[in-house]
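Enquirer: Next one to model:
(chains A and B)
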Amino acid sequence: MKRLSDDRAKILFEKLSKFVGPNVKQLIDRPDGTYCFREHRDRVYYVSEKILKMAETFGPDRLICVGTCFGKFSKTNKLKFHITALNYLAPYAQYKVWVKQSFEQQYLYGNHIPKSGLGRITENCPQYQGVVVYSMSDLPLGFGVTARSTMDCKMADPLANVCFHQSDIGEYIRSEDTLF
Amino acid sequence: MGRKAEFSEKPKKGPGRKSKKQKAPTFTKSTFAPLDKDDGKLSHRQKQRQAKRLQKKVVKKPKDKQPKQVYNSESEDEDVVEEEEVMSSEEEVVQNGKVKGFSDDNKAWLKPKQKKGAEPAALEEEDSDEEEVESEEGEESEDEGKVKVGKLFEEEDSDDDEVPDDNFADSDDAEGEEESEDDDSEAEEEDSDDEDDSDDEKLPIEKANKKLKKQEAEEAKLAEDEQQMSVLNQEIFKLPEDQEGEEEKPITLPEIQQRIKDVTLVLSDFKRYRQEDRSRQEYLEILKKDLCVYYSYNEFLMTKLMDMFPLTELMEYLESSEVARPLTIRTNTLKTRRKELAQALINRGVNLDPVGKWSKVGLVIYSSQVPLGATPEYLAGHYMIQGASSMLPVMALAPQENERILDMCSAPGGKSSHIASIMKNTGVLFANDANRDRIKAVTANLHRLGINNCIVSCEDGCKFREVMTGFDRVLLDAPCTGTGVVAKDPSVKQSKSDVDVQRCYNLQRKLLLTAIDCLDAKSSTGGYLVYSTCSVLPEENEWVIDYALKKRNVKLVPTGLDFGTEGFTKYRQFRFHPSLNLTRRYYPHTHNMDGFYVAKLKKFSNTIPVDNDDDLDEVENVETTVGSEEKVEEEVPETEEEAEKSRKERKKLGKRAGKPNLSEAEIEAKKKKLVDDERKYVAKVFEKPVKVVKKKPVEEKQPEKVSENGNTKKPFEGKKNKKTKTNVSETEEKKSVEPQTNGNAKKFEGKKNKNKKSLPTQKPEETKAPVVPQKPVVKPSPPKPVEKKVVTPQSNKNVKKFEGKNNKNQQQKNQNNQKSPAKTQTPDKKKPEAKQVLEKKKVEVEKLPEKVSQKIKAKMDVKKGKGKKQIGQLKQNKKKVKG
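Expert: Residues are numbered from 1 along each chain as shown, chains lettered A, B, ... in the order given. You can find the predicted model right below:
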């Protein structure tokens, strides 16, 4: 458990703000105690300071995980969010995409969202904006990046992708081994 | 053309129809009067039917006669009478009604009949045709009726006329006669019935009916008896066969099934069905073998089960163990509510129901069109697939918000997540598991279910107290043999042996003690520990708890689960603490859950009791039996202390095993040598000359010590350099780190550790103290300085005190302790052997010259309790000597 280095912290917050925008603040200044980001084996954990203290009693190789894992830094120092971050991204997300019931299952298998699978989309969503993907019953399914702006979506071909898949809750099963 | 109207088929409608409906007619006697003359006779068919009935009865009678001859005469009469009674009784009654001037008895008997007048007629309508006819007959005049009856049943003419009369003229008397010959009980029944119904006109019919039923019952009984007799006969023939050439003839499964039934029958009433020359043991042996084959258990497990359950319950248990329990899920209350979840799942085509009143979060899945482990709801963490039984320990634990809770063996995270969701993501949850592969599942599940107050660690549960203590609650879902979840994993039935069980409960004890140590008795809200296993064996459940009750300041408290069978307080030779009935067992056949065990303990003091440890150890060592030496060595020792001891003993054994016998002189020489050696070793091992003498006794392997002596570390932190590499350094690091991070927790630990010190350290020394000269025999595993040695001075004091009190005890203890490594299978039997041998030796020794003999004696005393092998050697020696 160590603090994030400055450049890594920067990368993290940039990435976070892609999804939650100014709501990043709310992740850090919380009424229920101080929360912080910590790095452990290249993974970024978001955890209450209170819990963090207790976690420090464990040796580094004995400690598996504390709080919520947000993502992992690759060897090239790029941060990739894991699906586990969804717990915090979803409530603060600025832009959302809803997939049709029929496409739900396909999305959970890791497919991009074509126009035909698109149920709804937040208005004024720009291109390449990080979005959280919901099912039509408002169940957060994952997150991704819009391939087209909302306006473009309307005119798009039904088979054209409107949202690139980044992560979905199917990964809990598909890649349990690599996630943690 | 047009539509076809089907008027004919249309049912009549309208409200009027019902109201107009006639009531059932009530007939008075007079209405039938005119019919008498014409229709009184039975129609041809009716006659035929009646004749048939009679024939049947005649056929039956001979069968009836066989069983009870005394009874027969009457029963025959009654049989014959029955039909006539049915008819003639009515005749009589009617006649009686007409005729006046009866005796008092009869009047009393008749009155109600007259009042009820219409009733019987109405009732009779419901009866079959024949009876109606008969009742009609009843209205006939005396003579006619009787004559007709007489005609119909020519054979029984005489009876006909007399018996019914008897019955009715003085019914009481007649009954009295009959019944007096019947069984008393029956008589009573009938009497009471008669009194009740004596008013009723139908009494005779009922009576007849009763008799009929009685007879049928008797017949059935007889038939059963016959069957059983035949079965018995078979059994009698079978048993010897089995013993002679069991393996020769191939046995089919149905045959085995039949034999199982037969044997259980015999065992159910052994006195009656047994074969005289066969013991119960033999029957049980066969039954066990059959059950093993039929349900494909191995003999060990079947023996255990047969010990636990009475026969009938055993069969139920085995049957229901074959069937998988219904799939259950637990709602994640952090993300959804059960109602919503149920609705969502129903929409996906899942057929479900609440699991029961006892749980507000459980749902039973009856059928599902989609895989439940891959629905979007599952992936979104709305529910967890979890057996019903797995919810019980968490409910028993009853976590509160803002507590610090430890789940010691958490994989795959079902119970952990349950705890967290009850805590509503407040407080801190420690999910620990020793298995690195399985720990991933814990993390995945916790994240999926949206739990963020959790620390997942991969620590050896037995060493957890070194990491952190002071928990409010601890859940210990200990690793077990899994004999309760046979339906899930049938391989358990075949694969488990006593060694596995022993390994399990040793580990469980260790874990339980650690878990208790991790608990904080002073916690304002908690101080509770829940121990659960998915095994049904008492060795892994009650026995483990019983052990903890003796070893630590804990007591059992009610689990808070209002169902489940009570834990055993007695099992075979074991007598557990009586409060063990507060624990709960769950069985597949009674609760439709996996076999499960839940116990809830409360820690009432943070101190660790020391006094009674020795006695316990003794017991422990005697009880740890079983298995070959190699296997035993793999085993996890019950407690660290014992582990040490036994290891020492083993070494001694190994050293001495192949050696030739020593003459007295040799022994002496060796002694000296060894003493010298010791000194050498001491000099080698310890650079610091300080506690040289006391260090002798302790020579052991390194790694274990670290685990045990986590507690004892503190006092000699200064001498860290002596401790060898390994984990110690790690833990040391931790400790150095800790004070910064959470000082409070650490303070606690510090205190506890001091308390603990006394316990583990003391024991090993106690065994050693009296045995000093012997120690050298052990080839000290070369220079491995251990914390232990440093510890000795402290504990030795205790030991010495102890010694003074009772040397004998200790010697005995040594015996026992040392026996354990040999792993004698039946300790009780072997003790005497050992003693005998020793005594013999003594005798021999006494013959020797005094000096030598004394020395040898001294040695002998030391050796006394050594393992089997040694004893064996001694014997051999003797033989050689004699030879």
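Enquirer: Which residue ranges of chain A form strands?
Expert: A:2-3, A:35-40, A:43-48, A:63-66, A:68-73, A:79-81, A:96-99, A:113-114, A:118-121, A:130-135, A:140-146, A:161-168 (DSSP state E).
Enquirer: Which secondary structure elements does the fourth one sit against?
Expert: So that's strand A:63-66. Counting contacts by 3 or more CB pairs under 8 Å, 6 or more residues apart in numbering or on different chains; DSSP states H and E, strand A:63-66 is packed against strand A:35-40, strand A:43-48, helix A:49-55, helix B:436-448, strand B:454-457. Every residue, glycine included, has its C-beta placed from N, CA and C.
Enquirer: In CSV, list these along with mean pLDDT and distance to B:Ile405.
Expert: Listed next are these as CSV, based on pLDDT from 0 to 100; distance: least, CB to CB, whole Å:
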stretch, mean pLDDT, distance to B:Ile405
strand A:35-40, 90, 21
strand A:43-48, 92, 16
helix A:49-55, 89, 12
helix B:436-448, 90, 13
strand B:454-457, 92, 10
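Enquirer: Is it possible to get JSON lines of the ones you listed that adds mean neighbour count and distance to A:Arg148?
Expert: Putting the helices and strands packed on strand A:63-66 into JSON lines (neighbours: other CB atoms under 10 Å in any protein chain shown; distance: least, CB to CB, whole Å) gives the following:
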{"stretch": "strand A:35-40", "mean neighbour count": "18", "distance to A:Arg148": "32"}
{"stretch": "strand A:43-48", "mean neighbour count": "22", "distance to A:Arg148": "30"}
{"stretch": "helix A:49-55", "mean neighbour count": "19", "distance to A:Arg148": "41"}
{"stretch": "helix B:436-448", "mean neighbour count": "22", "distance to A:Arg148": "31"}
{"stretch": "strand B:454-457", "mean neighbour count": "28", "distance to A:Arg148": "39"}
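Enquirer: buried residues in the longest helix anywhere in chain A?
Expert: Ranked by number of residues, the top helix in chain A under DSSP state H is helix A:6-20. Judged by neighbour count using 16 or more other CB atoms under 10 Å in any protein chain shown, the buried positions of helix A:6-20 are A:Arg8, A:Ile11, A:Leu12, A:Phe13, A:Lys15, A:Leu16, A:Lys18, A:Phe19, A:Val20.
Enquirer: and the fourth one, what pLDDT?
Expert: To tie it back to what came earlier, the one meant is A:Phe13. You'll see A:Phe13 listed with a pLDDT of 91.
Enquirer: Kindly provide the distance from it to chain B.
Expert: 19 Å (CB to the nearest CB, to the nearest Å).
Enquirer: The residue lying farthest from the centre of chain A and B:Thr469: what is the separation?
Expert: Within chain A, A:Thr57 marks the point farthest from the mean C-alpha position, 29.1 Å out by CA atoms, centre = their mean. A:Thr57 sits at a distance of 10 Å from B:Thr469 (criterion: CB to CB, to the nearest Å).
Enquirer: Same check on B:Lys23?
Expert: For B:Lys23 relative to B:Thr469 (CB to CB), the value is 85 Å.
Enquirer: before we move on, back to that, in this model B:Glu466 seems to touch the residue farthest from the centre of chain A, though I could be wrong.
Expert: No - in this structure, A:Thr57 is not within contact of B:Glu466 by CB atoms under 8 Å, at 9.5 Å.
Enquirer: measure stretch A:91-111 end to end?
Expert: With CA to CA, to the nearest Å as the measure, the ends of stretch A:91-111 fall 23 Å from one another.
Enquirer: chain center to it, what's the gap?
Expert: Distance of stretch A:91-111 from the chain centroid (CA atoms, centre = their mean, to the nearest Å) equals 13 Å.
Enquirer: Pull out the buried residues from it.
Expert: Result for stretch A:91-111 [16+ other CB under 10 Å]: buried residues A:92-100, A:103-104, A:106-108.
Enquirer: quick one: it near chain B?
Expert: Yes - Stretch A:91-111 is in contact with chain B by CB under 8 Å from any CB of the partner chain, via A:Glu104, A:Gln105, A:Leu108.
Enquirer: Tell me the bridge partners for the residue nearest to the first one when sequence neighbours are not counted.
Expert: With CB to CB, 6 or more residues apart in numbering or on different chains as the measure, A:Ser135 is the residue that lies nearest to A:Glu104, at 5.2 Å, once sequence neighbours are left out. Per DSSP bridges, residues listed as beta-bridge partners of A:Ser135: A:Val99.
Enquirer: With A:Phe103 as the reference, measure out to A:Ser135.
Expert: 9 Å.
Enquirer: Likewise for B:Pro578?
Expert: Applying CB to CB to B:Pro578 and A:Phe103 gives a distance of 63 Å.
Enquirer: ok, now A:Arg41?
Expert: In terms of CB to CB, A:Arg41 sits 35 Å off from A:Phe103.
Enquirer: quick one on the thing from earlier: TSV for the helices and strands packed on strand A:63-66, including distance to B:Tyr571?
Expert: Below are these laid out as TSV (distance: least, CB to CB, whole Å):
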stretch	distance to B:Tyr571
strand A:35-40	47
strand A:43-48	46
helix A:49-55	40
helix B:436-448	31
strand B:454-457	36
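Enquirer: out of those, which comes closest to B:Glu542?
Expert: Closest to B:Glu542 of those, according to CB to CB: helix B:436-448, at 27.2 Å.
Enquirer: So which elements touch the closest one?
Expert: strand A:63-66, strand A:68-73, helix A:171-174, helix A:176-179, helix B:414-423, strand B:454-457.
Enquirer: Now it - C-alpha only, PDB.
Expert: Output of helix B:436-448 as PDB, limited to C-alpha atoms (Å, rounded to 0.1, in the frame of the first residue of the first chain):
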ATOM      1  CA  ARG B 436      -4.300 -17.900  -2.700                       C
ATOM      2  CA  ASP B 437      -6.300 -19.400  -5.600                       C
ATOM      3  CA  ARG B 438      -9.600 -19.200  -3.800                       C
ATOM      4  CA  ILE B 439      -9.000 -15.800  -2.400                       C
ATOM      5  CA  LYS B 440      -9.600 -14.400  -5.800                       C
ATOM      6  CA  ALA B 441     -13.100 -15.500  -5.700                       C
ATOM      7  CA  VAL B 442     -13.600 -13.700  -2.500                       C
ATOM      8  CA  THR B 443     -12.400 -10.400  -4.000                       C
ATOM      9  CA  ALA B 444     -14.500 -10.900  -7.000                       C
ATOM     10  CA  ASN B 445     -17.600 -11.600  -5.100                       C
ATOM     11  CA  LEU B 446     -17.100  -8.800  -2.600                       C
ATOM     12  CA  HIS B 447     -16.600  -6.300  -5.500                       C
ATOM     13  CA  ARG B 448     -19.500  -7.600  -7.400                       C
END
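Enquirer: what ranges of the stretch 601-750 of chain B fall below the confidence cut-off?
Expert: For the stretch 601-750 of chain B, applying pLDDT under 70 flags the ranges B:611-663, B:676-750.
Enquirer: on that earlier part again, counting neighbours, go ahead and name the busier of B:Lys23 and B:Thr469.
Expert: Of the pair B:Lys23 and B:Thr469, B:Thr469 is the one with more neighbours under other CB atoms under 10 Å in any protein chain shown, namely 23 against 5.
Enquirer: and the more buried one, how far is that from chain A?
Expert: Relative to chain A, and taking CB to the nearest CB, B:Thr469 is found at 10 Å.
Enquirer: List the buried residues for stretch A:107-125?
Expert: Buried, per 16+ other CB under 10 Å, within stretch A:107-125: A:Tyr107, A:Leu108, A:His112, A:Ile113, A:Pro114, A:Lys115, A:Gly117, A:Leu118, A:Gly119, A:Ile121, A:Thr122, A:Cys125.
Enquirer: Now for the closest residue in space to the fourth one that isn't next to it in sequence, how many residues are close by?
Expert: What that stands for is A:Ile113. Leaving aside its chain neighbours, A:Ile113 sits nearest to A:Cys163 (4.1 Å; criterion: CB to CB, 6+ apart). Neighbour count of A:Cys163, defined by other CB under 10 Å: 27.
Enquirer: Same question for A:Arg174.
Expert: By other CB under 10 Å, neighbour count at A:Arg174 equals 16.
Enquirer: My guess is it contacts A:Gly110. True?
Expert: Yes - the criterion here is CB under 8 Å, and A:Arg174 meets it with A:Gly110 at 7.2 Å.
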